[in-house]
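*Asks:* Can you look at this prediction? I've put the sequence above it.
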Amino acid sequence: MGKAGFILGIIAIIAMCVGFVPCFGWSFWFTLPLAFVGFILSLIGVINSNPAYAQQKSQASIGMVLNIVTLVLGFIRWAIGGFIL
């Protein structure tokens with residue numbers, strides 16, 4: 001679960017960067033749900049991680065941070081000017 005959240009976090013942060021380019025703001029409509037699902041998977045990965053495997057917990061934690069950053073910046077963008085431009 002943590003690895004899936006990590007991969008979704010990377011995809012979401014890249015899609016968010018593309019969404020800041022003018023005329024690609026519509027990509028936020030796909031980025032925010034993707035980041036939310038990635039956050040949930042990362043959270044499950046952190047909770048269910050085995051203490052013997054530190055790499056799993058670190059990947060899940062990094063995925064959670066990437067997804068949180070994507071969600072925060074996406075909602076700020078939404079509050080400022082919408083997702084169209």
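*Replies:* Happy to help now that I have it.
*Asks:* can you tell me how far I40 sits from S27?
*Replies:* Taking Cβ to Cβ, to the nearest Å as the criterion, I40 is separated from S27 by 21 Å. No exception for glycine: its C-beta is placed from N, CA and C like everyone else's.
*Asks:* what residue lies at the spatial centre of this structure?
*Replies:* N67 (2.4 Å; Cα atoms, centre = their mean).
*Asks:* Check which helix or strand that residue maps to.
*Replies:* helix 54-81 (DSSP states H and E).
*Asks:* Pull out the buried residues from that helix.
*Replies:* In terms of neighbour count (16 or more other Cβ atoms under 10 Å), helix 54-81 has its buried residues at 56-57, 59-64, 66-67, 70-71, 73-74, 77.
*Asks:* do the same with stretch 25-42
*Replies:* By neighbour count on 16+ other Cβ under 10 Å, the buried set for stretch 25-42 is 25, 27-28, 31-32, 34-36, 38-39, 41-42.
*Asks:* Using pLDDT, spot the least trustworthy of the residues you listed.
*Replies:* Across these, no position has a lower pLDDT than G25, which has 76.
*Asks:* In a markdown table, list the buried residues of stretch 25-42 along with secondary structure and distance to C17.
*Replies:* Below are these laid out as a markdown table (DSSP: H, G, I helix; E, B strand; the rest coil; distance: Cβ to Cβ, whole Å):
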| residue | secondary structure | distance to C17 |
| --- | --- | --- |
| G25 | helix | 12 |
| S27 | helix | 10 |
| F28 | helix | 11 |
| T31 | helix | 10 |
| L32 | helix | 14 |
| L34 | helix | 13 |
| A35 | helix | 13 |
| F36 | helix | 18 |
| G38 | helix | 15 |
| F39 | helix | 18 |
| L41 | helix | 21 |
| S42 | helix | 19 |
